[in-house]
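Visitor: Just a sequence and a predicted model for now, questions to come.
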Amino acid sequence: MTPPEAVLRQARAPVDESPDPHLRIDPSLCDGVGICSHLAPDLITVDSWGYPILTPARLTRAGDRRQATAAVAACPKKALYLGH
Amino acid sequence: MNDVLAAHPVGRLGGTSWMFFSAPAVLPRHGTESLTGILRQDLLAHRQAYGPRPSCAGIGGERLLADLEAVALTGRGGGHFPTAAKWRSLMQAGAGGTVVANGAEGEPGSAKDAVLLQTRPHLVLDALVCAMETVGATEGVLWIHEGAWATARSVTLALSERAAAGLEEPPVRVILAPDRYLSGEGTGIIRTLEGGPTLPRFVTNPARPWSDGHRPVLVNNVETMARIGLVALRGGEAYQQTSLVTVISATHRVVAEVGPDVSVEQAVVAFWTSPDGKYPQAVLVGGYGGSWAAWDGVRSVSIDVAAMRAAGLSLGAGLIGPLPATACGLEESARLVRYLAGQSAKQCGPCVFGLASVSELADDLSAGRLSAAGRRRLTKFMAEISGRGACRHPDGALRMLTSALEVFAPDVAHHRRGRTCDAPAFDVMPLPEVAA
């Protein structure tokens, strides 16, 4: 690999090296039970039918990660997870 | 203007040389069997036209990948994802995978993939074998709707022609998928191959849509495959940037190939039968999950992936659905949303409940009984559902409805005053007679 290509590849590489995860959901597993929105009120609201709407932001604060972890652990459908 | 529409013959369009069809195919409003008869290219005619299929193992595959990158081929099922990039991510998963040629054209209006499989089956099959060799796959699948019997007949005949000719090729299976809108959704195909139901699946990594411990799967639409076949057989330099479109009229549909210099107006004049001799008021572009565009804004746009994108539209699956001046865009859109809501895989709350609620409100709007509070609810519901399905099905329905509320804004105001329009033309876009 010639140097210019290497530089280009590095420039194209994802800059996102942040270890902070996102709160994510598999919507096909979710039954809208709703426990999650009580355990993570800062991260999850519910829509007009009781299904969770998740914050799109990374979980940078320790408090947010605590809420997210509790919601993930409590989900009876195992629909929630922490991902990137 | 009336004379133009009445007098123009159906014929070729565009200055490019033809990759697939020298003449358009005319199909009935429903079903996929041509009304005009279709000239099917059998294996002998195919080989006479294109010569032998080059090997795509090793260096041949590298050359094909480079050519696909050079012609910037993107997926013609509607997503327009770069084909070569999709192949490379499968190659990273290693050999022993499955390649699927996806001919389950979910759009009820679209018939380009069916026409392609009925006229040029060996172009698709050559490409399927080339794809398998390039990515090191050991299994090939041709995925079509169970009700598409004319297509099934053509491809099974093509496979027996190849077997009779003694071609040494890896096995290709024909799999019949349920006749539903979402049967052509890629993750649902992979789920089926893994022994699951034919329903879309949530994937955490779109570059690896198969499950851990299962074979890697590459899914390409059949028009994409046919274009891969042309590139493999004739090289990238001979490739023409054409598009296959299905143009919808009240009594029939026309599948045609157009060059990138052909405008929407030229295609409509040539391939659409106006019920009143006038130009349409708007055009549904891409598919039922595509976008409405007002006639004055879209008439001069070229039928080309890049030109459509620049105009804020997507060529999608190549559907061109003109709406006659005598039809109501809101009535038509409400009808299409109702169909799409009914075709939900019923897996995700935002689709099952949200899209159904949106459909009811769209029906209310169309019927002139949507209150101010109902209008606010519609806006709120549409914002809540956006981007929240496991697949893009609800997003497509929302995109179409959002464009309808913009393009038909004067009709929205009219309907909100409690008036219906009594449009003489209705049920413009074909829907399956019995919704599954």
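Guide: Sure thing, it's come through. Model, not experiment: these values are computed from the prediction. Numbers count the residues shown, from 1 in each chain, chains lettered A, B, ... in the order given.
Visitor: Report the central residue of the chain.
Guide: By default, I'm working from chain A. Among the residues of chain A, the smallest C-alpha distance to the mean C-alpha position (CA atoms, centre = their mean) belongs to A:Leu23, namely 1.9 Å.
Visitor: hmm, I had chain B in mind actually
Guide: In chain B, the residue lying closest to the centroid (CA atoms, centre = their mean) is B:Ala317, at 2.6 Å.
Visitor: Check the secondary structure at that residue for me.
Guide: When classified by DSSP: H, G, I helix; E, B strand; the rest coil, B:Ala317 comes out as coil.
Visitor: Test my guess that it contacts B:Leu284.
Guide: No. Under the contact definition of CB atoms under 8 Å, B:Ala317 does not touch B:Leu284, with a separation of 11.6 Å. All C-beta spots, glycine's among them, are computed from the backbone N, C-alpha and C.
Visitor: Tell me if I am right that B:Val99 is in a strand.
Guide: Yes. With three-state DSSP as the criterion, B:Val99 is assigned to a strand.
Visitor: biggest helix in chain A by residues?
Guide: Residue-count comparison of every helix in chain A, with assignments taken from DSSP state H, identifies helix A:62-74 as the longest.
Visitor: Tell me where the stretch 301-436 of chain B is predicted with low confidence.
Guide: When the per-residue scores of the stretch 301-436 of chain B are filtered using pLDDT under 70, the ranges that remain are B:434-436.
Visitor: List, one by one, the residues from it near chain A.
Guide: Contact residues of the stretch 301-436 of chain B with respect to chain A, defined by CB under 8 Å from any CB of the partner chain, are listed as B:345, B:347-350, B:353-354, B:357, B:380-381, B:384-385, B:388-390.
Visitor: In those residues, find the pair that's most separated.
Guide: By the measure CB to CB, these have their two most distant members at B:Ala345 and B:Lys380, which lie 24.0 Å apart.
Visitor: Could you check which of the two is surrounded by more residues?
Guide: B:Ala345 (22 against 12; other CB atoms under 10 Å in any protein chain shown).
Visitor: that older thread, can I get the longest helix of chain A in CSV, CA atoms only?
Guide: Output of helix A:62-74 as CSV, limited to C-alpha atoms (Å, rounded to 0.1, in the frame of the first residue of the first chain):
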residue,chain,number,x,y,z
ALA,A,62,-22.8,6.9,34.3
GLY,A,63,-26.4,7.6,35.5
ASP,A,64,-27.7,7.0,31.9
ARG,A,65,-25.8,3.7,31.7
ARG,A,66,-27.2,2.6,35.1
GLN,A,67,-30.8,3.3,33.9
ALA,A,68,-30.1,1.6,30.6
THR,A,69,-28.6,-1.5,32.2
ALA,A,70,-31.6,-1.8,34.5
ALA,A,71,-34.1,-1.5,31.6
VAL,A,72,-32.1,-4.1,29.6
ALA,A,73,-32.1,-6.5,32.5
ALA,A,74,-35.8,-6.1,33.2
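Visitor: What residues sit buried inside it?
Guide: Across helix A:62-74, burial judged by 16 or more other CB atoms under 10 Å in any protein chain shown covers A:64-65, A:67-69, A:71-72.
Visitor: which parts of the stretch 51-200 of chain B sit against chain A?
Guide: Contact residues, the stretch 51-200 of chain B versus chain A (CB under 8 Å from any CB): B:Pro200.
Visitor: Taking the stretch 51-200 of chain B, what residue is nearest to chain A?
Guide: The shortest separation between the stretch 51-200 of chain B and chain A is 7.7 Å, found at B:Pro200 (distances taken as CB to the nearest CB).
Visitor: Surely that residue touches B:Leu182?
Guide: Yes. Counting by CB under 8 Å, B:Pro200 does reach B:Leu182; the two are 6.0 Å apart.
Visitor: Looking at these two, which one has more neighbours?
Guide: A side-by-side neighbour count of B:Pro200 and B:Leu182, using other CB under 10 Å, places B:Pro200 first with 26 against 21.
Visitor: Can you give me the pLDDT of residue 34?
Guide: Because you didn't say which chain, this covers chain A. Residue-level confidence at A:Gly34 comes out at 94, pLDDT.
Visitor: not quite, I wanted chain B
Guide: pLDDT, read off for B:Ser34, is 75.
Visitor: show me what contacts it?
Guide: Contacts for B:Ser34 (CB atoms under 8 Å, 6 or more residues apart in numbering or on different chains) come out as B:25-27, B:115, B:118, B:150.
Visitor: cutoff 6 Å now
Guide: Contacts of B:Ser34 were listed using CB atoms under 6 Å, 6 or more residues apart in numbering or on different chains, and they are B:25, B:27.
Visitor: and it, which of the three is it?
Guide: The assignment at B:Ser34 comes out as coil when based on three-state DSSP.
Visitor: Quick check: phi and psi at it.
Guide: Phi and psi for B:Ser34, reported as degrees, to the nearest 10, are phi -70, psi 140.
Visitor: how close does it sit to chain A?
Guide: In this structure, B:Ser34 and chain A are separated by 38 Å, where distance is defined by CB to the nearest CB, to the nearest Å.
Visitor: Can you tell me how far that residue is from B:Thr251?
Guide: Applying CB to CB, to the nearest Å, one obtains 14 Å for the distance of B:Ser34 from B:Thr251.
Visitor: Leaving out the residues flanking it, which one is nearest to the residue nearest to the centre of chain A?
Guide: Counting by CB to CB, 6 or more residues apart in numbering or on different chains, A:Ala68 is the residue found nearest to A:Leu23 once chain neighbours are left out, at 4.6 Å.
Visitor: A:Ala57 is in contact with the one you found, correct?
Guide: No. Contact criterion CB atoms under 6 Å: A:Ala68 and A:Ala57 do not qualify, at 11.0 Å.
Visitor: Can you tell me which of the buried residues of helix A:62-74 lies closest to chain B?
Guide: Distance ranking of those against chain B, using CB to the nearest CB, places A:Val72 first at 14.1 Å.
Visitor: got the residues of chain A near chain B?
Guide: Within chain A, the positions adjacent to chain B are A:26-28, A:32, A:47, A:49, A:51 by CB under 6 Å from any CB of the partner chain.
Visitor: Name whatever forms a beta bridge with the closest residue to B:Pro24 other than its chain neighbours.
Guide: With CB to CB, 6+ apart as the measure, B:Ala256 is the residue that lies nearest to B:Pro24, at 3.7 Å, once sequence neighbours are left out. Per DSSP bridges, residues listed as beta-bridge partners of B:Ala256: B:Val245.
Visitor: And B:Ala256, how close does it get to B:Val301?
Guide: Shown here: B:Ala256 relative to B:Val301, a distance of 17 Å by CB to CB.
Visitor: more crowded one of these two?
Guide: Looking at B:Ala256 and B:Val301 with other CB under 10 Å, you find the greater number of neighbours at B:Ala256, namely 30 against 19.
Visitor: Please give me every residue in contact with the more buried one.
Guide: By CB under 6 Å, 6+ apart, the residues touching B:Ala256 are B:24, B:245, B:271.
Visitor: rerun at 10 Å
Guide: Contacts here follow CB atoms under 10 Å, 6 or more residues apart in numbering or on different chains; on that basis B:Ala256 touches B:10-14, B:20-21, B:23-26, B:112, B:115, B:242-247, B:262, B:267, B:270-271, B:303, B:318, B:320.
Visitor: now those: which count as buried?
Guide: B:10, B:12-14, B:20-21, B:24-26, B:112, B:115, B:242-247, B:262, B:267, B:270-271, B:303, B:318, B:320.
Visitor: what residues are shared contacts of A:Ala68 and A:Ala57?
Guide: Listed as contacting both A:Ala68 and A:Ala57 by CB under 10 Å, 6+ apart are A:22-23, A:43.
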